[in-house]
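> Structure, please.
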Amino acid sequence: MLTGKVAVITGGTRGIGNAIANLFAKNGASLAIIATRDNERAQKAINTIKELGADVRLYVCDVKDAEQVESVSEEILADFGKVDILVNNAGITRDNLLPSLSVMDIDDVIDINLKGTMFVTRSFIRSFVKQRHGNIINISSVVGLMGNKGQTNYAASKAGIVGFTKSVAKEYGRRNVRCNAIAPGYISTEMTEELSEAQVSELKAQLPLTRLGLPEDVANLALFLASENSSYITGEVIKVDGGMYV
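Below is the predicted model:
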């Protein structure tokens, strides 16, 4: 479905981002993976993608640093010659009740989740406009749509991505640039591994589908949005939440 396409994925060495990278590789895409560090985990993820037969390269970048982002985007474009798909997946949580959130807890979450998405998109948008096509997929969260206690900073960052997605879709649709967002619910990743068994059981009981999602559930939607099968879809926010927010 993605043969001949070049995809950039931020946070592509773990969790949802890694599942998207693997599925894109299986469907013929070449991949530029952006991660905060080049370590054993990152190299293992890259090697797994290489075993799938994909052309993949790792780029180290702090997405909240606009200068680093600009430099890495130029490097990627020089290495691959073009970029067709951008997946803004990099994100963190710093959960606590609002009075207990430090300034750093607020700044880090907003800077990485929201500003990082804006910086990376801005750095590639000129090339999308020039080649008159581009496909942006932003990873938001169902929490950005419904809110959640103990996650005011995270919810605000993910809600911001929703507004950003719709605005980019309106600004660049005439240049054949699409921009959509995915809003996952509770997905089994390192973030949810911090929950106790009792908490997980309680969450499952609240969900119509009675299970946590898998990273692959999100990746399947990302593949659809990245492909030509979704060529008339832009500005949408699609939930993958097992019915959590209906």
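> and Asn153, how many residues sit next to it?
23 (other Cβ atoms under 10 Å). Yep, even glycine has a C-beta here, placed from its N, CA and C like the rest.
> Now it: closest residue in space that isn't a chain neighbour?
Val109 (4.3 Å; Cβ to Cβ, 6 or more residues apart in numbering).
> all helices in the protein, in order from the N-terminus.
15-26, 40-51, 66-80, 103-109, 116-131, 143-146, 152-172, 190-193, 197-206, 215-226 (DSSP state H).
> mind checking how far the residue nearest to Asn153 is from Ala156?
8 Å (Cβ to Cβ, to the nearest Å).
> Among the two, which residue is more densely surrounded?
Using other Cβ under 10 Å, the more surrounded residue of Val109 and Ala156 is Val109, with 24 against 17.
> Quick one, which of the helices of the chain gets closest to Ile137.
helix 215-226 (5.2 Å; Cβ to Cβ).
> what does that closest one rub up against?
1-2, 5, 7, 15-16, 18-20, 22-24, 27, 29, 85, 87, 135, 137, 139, 180, 182, 184, 187-189, 230, 233, 238, 240 (Cβ atoms under 8 Å, 6 or more residues apart in numbering).
> by how many degrees do that helix and helix 15-26 diverge?
Computed with axes from the mean of the first three to the mean of the last three Cα atoms, to 10 degrees, the direction of helix 215-226 lies at 50 degrees from that of helix 15-26.
> tell me the average confidence for helix 215-226?
The average pLDDT for helix 215-226 rounds to 98.
> How about stretch 96-113?
97.
> Return the distance of that stretch from the chain's centre.
20 Å (Cα atoms, centre = their mean, to the nearest Å).
> re earlier: whichever of the contacts of helix 215-226 end up buried, select them in PyMOL.
In PyMOL, a selection of the buried entries from those looks like this (16 or more other Cβ atoms under 10 Å):
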select buried, resi 2+5+7+15+16+18+19+20+22+23+24+27+29+85+87+135+137+139+180+182+184+187+188+189+230+238+240
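> Noted, bye for now.
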